[in-house]
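J.: requesting a structural model of the entry that follows:
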Amino acid sequence: MKRGRRERVREWNADSLYAYGLRLLTFRTRSEREMRQRFQLRGASPELIDSTLDRLKAGGLIDDQAFAEAWVESRRRSSPRGDRLLQQELMHKGVARPAIDTALADEADEMDLARIAAAKKARALAAEPEAVFVRRLTDFLLRRGFGWEVAAPVVRELWAEREVPS
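T.: Model (predicted):
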């Protein structure tokens, strides 16, 4: 609860909870579990939450499969991450495993994604000795969800490019 705000007790009905759900969805798409959690935090009854979620799903406004695909596409475009980290993020959002697997089935070139993710970090580490450069950049890529089999060759490639005189 934010400081200075008193907890308001509100009686929810089907229309008011639906309107609240629509307002949440104007900011970004959300998974069913995220919506359920938000409704629960607001004190809505479980029966009302279920009926509202059914109504939102029937209108095509909540679709975990579409949510997972949009999440993966957005992350790969704006902040490249490996499939492992994307899988963890989606599981944390409450998306079911089959929907996650389908969303990640679109084969993205993990080497290219890792290169894009590591390029800025490599520039920041350019003045470091090889051991520090390799360790920090490898750790960075591993934290971003890329496997060792992807991180190691990308780090070697970026180190080699760094040594080439401009």
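J.: flag the shaky bits of this structure, pLDDT-wise.
T.: 1-9, 163-166 (pLDDT under 70).
J.: residues in contact with the residue nearest the centre of it?
T.: Most central in the chain under Cα atoms, centre = their mean is Glu89, positioned 4.8 Å from the mean C-alpha point. When contacts are counted by Cβ atoms under 8 Å, 6 or more residues apart in numbering, Glu89 touches Trp71, Arg75, Arg81. Yep, even glycine has a C-beta here, placed from its N, CA and C like the rest.
J.: what's the answer for Arg75, then?
T.: Arg81, Leu86, Glu89.
J.: ramachandran angles for the first one?
T.: Arg81 has phi and psi values of phi -140, psi 160 when expressed as degrees, to the nearest 10.
J.: of the contacts of Glu89, closest to Lys93?
T.: Set against Lys93, the nearest of the contacts of Glu89 by Cβ to Cβ is Trp71 (7.4 Å).
J.: what about the closest one, helix or strand, and which?
T.: helix 64-78 (DSSP states H and E).
J.: now do the next helix or strand after that helix against helix 64-78, angle only.
T.: Moving toward the C-terminus from helix 64-78, the next helix or strand (DSSP H and E) is helix 83-92. Per axes from the mean of the first three to the mean of the last three Cα atoms, to 10 degrees, the angle that helix 83-92 makes with helix 64-78 is 140 degrees.
J.: buried ones in helix 83-92?
T.: Asp83, Leu85, Leu86, Gln87, Glu89, Leu90 (16 or more other Cβ atoms under 10 Å).
J.: what of stretch 134-153?
T.: Val134, Arg136, Leu137, Thr138, Phe140, Leu141, Leu142, Arg144, Gly145, Phe146, Val150, Ala151.
J.: surely the first one meets Val155?
T.: In other words, Val134. Yes - Val134 is in contact with Val155 according to Cβ atoms under 8 Å; the separation is 5.5 Å.
J.: residues in contact with Val155?
T.: So Val155 contacts Ala118, Phe133, Val134, Leu137, Thr138, Leu141 (Cβ under 8 Å, 6+ apart).
J.: find the nearest non-adjacent residue to the last one, please.
T.: Right, Leu141. Spatial nearest neighbour of Leu141, chain neighbours left out: Ala151 (3.9 Å); criterion: Cβ to Cβ, 6 or more residues apart in numbering.
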